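Peer 1: here is the input, now give the coordinates:
(chains A and B)
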Amino acid sequence: MTTPDPAAWEPSDRELERRAVRRRMALRSRLIATLAVGAFLAVTLGAILASPGWPRVQETFFSWEHARDSFGEIWKGFWRYNVVIFLIAEPLILVLGLGLAVARQARSPWLTPVRGLAVVYTDLFRGVPTLLLVMLFGFGMPALQLQGVPNSGLFWAIVALVVSYAAYVAEVFRAGIESIHPSQLASADALGLSRGQAMRHVVVPQAVRRVIPPLLNDFVSLQKDTALVFVVGVLDAVWAAQDYGNYHFNYTPLVVVAVFFVVLTIPLARLTDWLQRRMAERERAGQR
Amino acid sequence: MRQPDITLRRLGVALAAPLLLFAAACAPQEDSTATDSTSDSGSPSESASDTTAADPCATDSLPTLTPGTLTVGTDSPAYDPWFRNNDPSNGKGYESAVAYAVADRLGFSADQVTWVKVPFNSSYKPGAKDFDFDINQISITPERAQVVDFSDGYYQASQAVIALKGSAAAGATSLADLQGLKLGAQTGTTSLTAIRDVIKPSEDPAVFPNTNAAKQALLNGQVDAILADLPTAFYIVAVEIPKGTIVGQFQPTSGEQEEFGMLFEKGSPLVPCVDQALQSLKDDGTLAGIEKQWLSDTVNVPVLQ
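Peer 2: Numbers count the residues shown, from 1 in each chain, chains lettered A, B, ... in the order given. Just a heads-up that it's a prediction; the model follows:
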């Protein structure tokens, strides 16, 4: 049996006709897509720019002078408060959240109170609006005037954020832990691992990998909720923008500060994508 | 090969459908806004020529939001001594009394005045306002006057420093004495600008969303002193924080008298009429009487330099 020489093959007339039709159809759909997108943008932008209020909106939300003048305070508040609060709170939240999730999985009868506390904690702190927690901690704790308890509103605002977000993150971890197939625990049992060892070496490492995308959601959400420290008078980026606007009667700083947060979020999303890809590759151990 | 073709076509339809809806939804909006803005931007003389009355400020010809009604805005909560019991419509408190006095001069009876809640940070939003004027201890500044219109001043404000009795801040006798302290004030206020521009403390001031948060922080020792306008300060130390004391008063911008004005939509034809009403209240002493009735005497407060 000899294989046919590929060079000798000539497309039939019918095949050529098919190709021509495909080309025409492809061209046609590209044309329609371009027209549709173009028309969409033209109508949307046209409607905005031609609207009678646009000059006012441009002046109020997109004023170059106000953006420039407010930039300094926003920049300062952003790095000094939003980023720092996030970097302090996030590791604490991960540790506390994982601790709560594992506590909730405890099966020993001795640990029933621990399990119960974990349930009550999540129900309570996930239910209370974060803003209220920041207020209650930020003003309430210093008002107790206890010896050795910090008086700083910022300190207590961070505590409130940790307490609130740990409740969310604990549920994310719990979902991850419960998604691990029971056969994994059975295998660990068969290998002679204790339940604690099985959690530590088998279940939790797999669970963490699975919940990275929802954890990122909570990360991004926390980044934005760092702005809640405004309640106790801390001039973070969002509050600085609002404060500038309140005095100068202009909303442009709000747009500026929105850009700050978007710019901070995108690299974090890419980093998480990369982390997850790396973990997935390791899990497959080189297999495709 | 045909698959992408179909999806693209569907995409085209999917894009076109909301597009048409969007365009359809936009059209009436544009029309109504256009008519609104032409009627709003009309000067008082124009609106007067529309009517037969010679006096543009005659009650019937006043282009108020709702004809026959004066809609007045203020923030909630409405603080003492400007209002009483968080109820602007009871006529009690300085600003409530002034609003009713102005309404009276414009020819509106008390039951023709309606109040709306206007958070301070939405009072300057672009577009049509949902009030005829907003009265909320708003200081007149040239920059703000580019975005909204103000009436003439109805109160001459000065800034007061409030501290707890016996604290280091309470012993301050000059603005320089305040520089080393942690100070706080409400956002967007001239009090806050006074801290930044006049006192220039070494530590950044705390910025609070409202006076209540500032008072709580003062009580907690989270700030050493807070700033507010003098009448508010009097009320705070008299009623709300009895262990507080007024350290002193000063003007936020040197050489200029700060004034509170009523806030109007830019180009509102009501401004000259309200100014006229205010002037008549000043001329016959009514305004001074209202001030005497609702605001404390301010002469005993030391002036900080």
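Peer 1: A:Trp239 and B:Val207: what is the separation?
Peer 2: Note on A:Trp239: its distance to B:Val207, by C-beta to C-beta, to the nearest Å, is 6 Å. Just so you know, the C-beta spots here come from the backbone N, C-alpha and C atoms, and that holds for glycine as well.
Peer 1: give the residues shared as contacts by these two.
Peer 2: Taking C-beta atoms under 8 Å, 6 or more residues apart in numbering or on different chains as the criterion, A:Trp239 and B:Val207 both touch A:230, B:187.
Peer 1: hey, where'd the helices end up in the stretch 101-250 of chain A?
Peer 2: A:112-127, A:130-135, A:141-143, A:153-179, A:182-190, A:195-198, A:204-210, A:212-225, A:237-248 (DSSP state H, counting those that start in this stretch).
Peer 1: any buried residues in the third one, and which?
Peer 2: Burial within helix A:141-143, assessed by neighbour count using 16 or more other C-beta atoms under 10 Å in any protein chain shown, is assigned to A:141-142.
Peer 1: out of the helices of the stretch 101-250 of chain A, which is closest to B:Gln146?
Peer 2: In terms of C-beta to C-beta, the element of the helices of the stretch 101-250 of chain A nearest to B:Gln146 is helix A:237-248, at 9.6 Å.
Peer 1: next secondary structure after that closest one?
Peer 2: As assigned by DSSP states H and E, the chain's next helix or strand after helix A:237-248 is helix A:252-284.
Peer 1: counting contacts, what elements does that following helix pack onto?
Peer 2: Helix A:252-284 sits against helix A:54-61, helix A:64-77, helix A:204-210, helix A:212-225, helix A:237-248, with contacts defined as 3 or more C-beta pairs under 8 Å, 6 or more residues apart in numbering or on different chains; DSSP states H and E.
Peer 1: report the inter-axis angle for it versus helix A:237-248.
Peer 2: Counting by axes from the mean of the first three to the mean of the last three C-alpha atoms, to 10 degrees, helix A:252-284 lies at 170 degrees to helix A:237-248.
Peer 1: and helix A:252-284 with helix A:212-225, angle?
Peer 2: Interaxial angle of helix A:252-284 relative to helix A:212-225 (the same axes, to 10 degrees): 160 degrees.
Peer 1: hey, what's the angle from helix A:252-284 to helix A:64-77? Just curious.
Peer 2: Relative orientation of helix A:252-284 versus helix A:64-77 (the same axes, to 10 degrees): 50 degrees.
Peer 1: going by neighbour count, list what's buried in helix A:252-284.
Peer 2: Of the residues in helix A:252-284, A:252-257, A:260-261, A:264, A:272, A:279 count as buried by neighbour count, 16+ other C-beta under 10 Å.
Peer 1: which one of those residues sits closest to chain B?
Peer 2: A:Leu254 (10.0 Å; C-beta to the nearest C-beta).
Peer 1: make JSON lines out of the buried residues of helix A:252-284 and add pLDDT.
Peer 2: Formatted as JSON lines, the buried residues of helix A:252-284 follow (pLDDT from 0 to 100):
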{"residue": "A:Thr252", "pLDDT": "92"}
{"residue": "A:Pro253", "pLDDT": "92"}
{"residue": "A:Leu254", "pLDDT": "92"}
{"residue": "A:Val255", "pLDDT": "93"}
{"residue": "A:Val256", "pLDDT": "94"}
{"residue": "A:Val257", "pLDDT": "93"}
{"residue": "A:Phe260", "pLDDT": "92"}
{"residue": "A:Phe261", "pLDDT": "91"}
{"residue": "A:Leu264", "pLDDT": "86"}
{"residue": "A:Thr272", "pLDDT": "82"}
{"residue": "A:Met279", "pLDDT": "79"}
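Peer 1: ok, B:Thr187 touching B:Pro209?
Peer 2: Yes - B:Thr187 lies in contact with B:Pro209 (C-beta atoms under 8 Å); the separation is 6.2 Å.
Peer 1: for those two, indicate the residue with more neighbours.
Peer 2: Taking other C-beta atoms under 10 Å in any protein chain shown, B:Thr187 and B:Pro209 do not tie; B:Thr187 has more neighbours (25 against 20).
Peer 1: give the contact list for that one.
Peer 2: A:239, A:242-243, A:246-247, B:207-209.
Peer 1: for it, which non-adjacent residue is spatially closest?
Peer 2: Excluding its sequence neighbours, the residue lying closest to B:Thr187 (C-beta to C-beta, 6 or more residues apart in numbering or on different chains) is A:Asp243, at 4.5 Å.
Peer 1: ok, that neighbour to B:Ile138 distance?
Peer 2: Using C-beta to C-beta, A:Asp243 is found at 15 Å from B:Ile138.
Peer 1: repeat for A:Lys224
Peer 2: 30 Å.
Peer 1: likewise for A:Ser152?
Peer 2: Counting by C-beta to C-beta, the separation of A:Ser152 from B:Ile138 is 32 Å.
Peer 1: which of the helices of the stretch 101-250 of chain A is buried the deepest?
Peer 2: Ranked by mean neighbour count under mean count of other C-beta atoms under 10 Å in any protein chain shown, the helices of the stretch 101-250 of chain A are led by helix A:237-248, which reaches a mean of 24.
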